[in-house]
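Visitor: next input, structure requested:
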Amino acid sequence: MKKTRALLLACAFLLTAAAATRPAKSDACFLFGMCKTCNTPTPKSQPCRVVVCGTRRTETCGTCVTNCVPPPD
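Guide: Take a look at the predicted model:
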């Protein structure tokens, strides 16, 4: 009887520990393209690809051009 009870307690502990250490849900990520204004005397802009994951934002931009076309989503 004591062995059965100890085994049940051990199983309950392992199940609780496994449930407590599940990985957190990852944030949803969004990808979009845009044209960012350049700081130049002539009106130019640069194409940028933006990735937003939760509160983290990453921009990858090209060179400044006269006629900017945003990258596809």
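
Visitor: hang on, isn't residue 62 packed against residue 47?
Guide: Yes: the pair residue 62 / residue 47 is scored as a contact, 4.8 Å apart, by Cβ atoms under 8 Å. Yep, even glycine has a C-beta here, placed from its N, CA and C like the rest.

Visitor: which of those two has more neighbours?
Guide: residue 47 (18 against 14; other Cβ atoms under 10 Å).

Visitor: the more buried one bridge partners, please.
Guide: Counting by DSSP bridges, residue 47 forms beta bridges with residue 35.

Visitor: how about it, what does it touch?
Guide: 33, 34, 35, 61, 62, 65, 68, 69, 70, 71 (Cβ atoms under 8 Å, 6 or more residues apart in numbering).

Visitor: what does residue 50 give?
Guide: 31, 32, 33, 34, 57, 58, 59, 60.

Visitor: any chance of those residues in CSV, plus neighbour count, pLDDT and distance to residue 51?
Guide: What follows is these, written out as CSV (neighbours: other Cβ atoms under 10 Å; pLDDT from 0 to 100; distance: Cβ to Cβ, whole Å):
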residue, neighbour count, pLDDT, distance to residue 51
31, 13, 94, 5
32, 13, 95, 8
33, 14, 95, 11
34, 15, 95, 12
57, 10, 94, 7
58, 11, 95, 5
59, 12, 94, 8
60, 10, 95, 8
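
Visitor: mark which of these are part of strands, please.
Guide: 31, 32, 33, 34, 57, 58, 59, 60 (DSSP state E).

Visitor: per-residue pLDDT, the nearest residue to the last one once chain neighbours are set aside?
Guide: Once its chain neighbours are removed from consideration, residue 60 has its nearest residue in residue 49; the separation is 4.9 Å (Cβ to Cβ, 6 or more residues apart in numbering). At residue 49, the pLDDT value in this model is 96.
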